[in-house]
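K.L.:
dropping the sequence and predicted coords here.
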Amino acid sequence: MNNILKNLFYIFLPSVIGFIVGITISPYINYNTLNKPPLSPPGILFPIIWSIIYILMGISYFLFKKKYNCDKRVSIIYYLQLFVNVLWSVIFFIWKLRFISIIWILLLDILVILLIFYFFKKNKISAYLNLIYLCWILFASYFTIGIYILN
């Protein structure tokens, strides 16, 4: 039973955190009032995409931990990128520090690239499961810079 709970923790932790952050920032989101760069998705798309990404992120870490439980470096990068991910939403939506959010998301880009790199060395499926995440945050970097410039 303890092992099952631990596995569920790994799989669903990003989703739970994402849900809490989504509820916390929702009163502060002013997406519709912002001048947005070209290719900006409709606001309804964000919770759908993030839900998929968080599930894939959790599964990827679970698969990695199942085989390589002792790799502390990957665990540190994984939890650090999760923390940076969460804090970006606070910086961008609640505090509205748009320039700082650019720097913060570029840090997130680097951490996710590192995470995928280390996953790939030991568990390619874990790496592949994070490619959608990487594409989305690279797009979010463009979006964040565009919002900063246009507003």
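P.N.:
Nice, I can see it.
K.L.:
helices of this structure, start to end?
P.N.:
Listed in chain order, the helices of the chain (DSSP state H) span 2-25, 45-67, 72-89, 98-122, 124-129, 131-150.
K.L.:
count of neighbours near Ile147?
P.N.:
Neighbour count for Ile147, taken as other C-beta atoms under 10 Å: 19. (C-beta placed from N, C-alpha, C; glycine too.)
K.L.:
about what we covered before: next, format the helices of the chain as TSV and append distance to Tyr31.
P.N.:
Output for the helices of the chain, formatted as TSV (distance: least, C-beta to C-beta, whole Å):
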stretch	distance to Tyr31
helix 2-25	11
helix 45-67	8
helix 72-89	12
helix 98-122	13
helix 124-129	27
helix 131-150	9
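K.L.:
what about these, which gets the closest to Thr33?
P.N.:
Set against Thr33 and scored by C-beta to C-beta, the helices of the chain come closest in helix 131-150, at 11.1 Å.
K.L.:
neighbouring contacts of that closest one?
P.N.:
Contacts to helix 131-150, defined as C-beta atoms under 8 Å, 6 or more residues apart in numbering, come from residues 34-40, 49, 52-53, 56-57, 85, 92, 98-99, 101-102, 105-106, 108-109, 112-113, 116.
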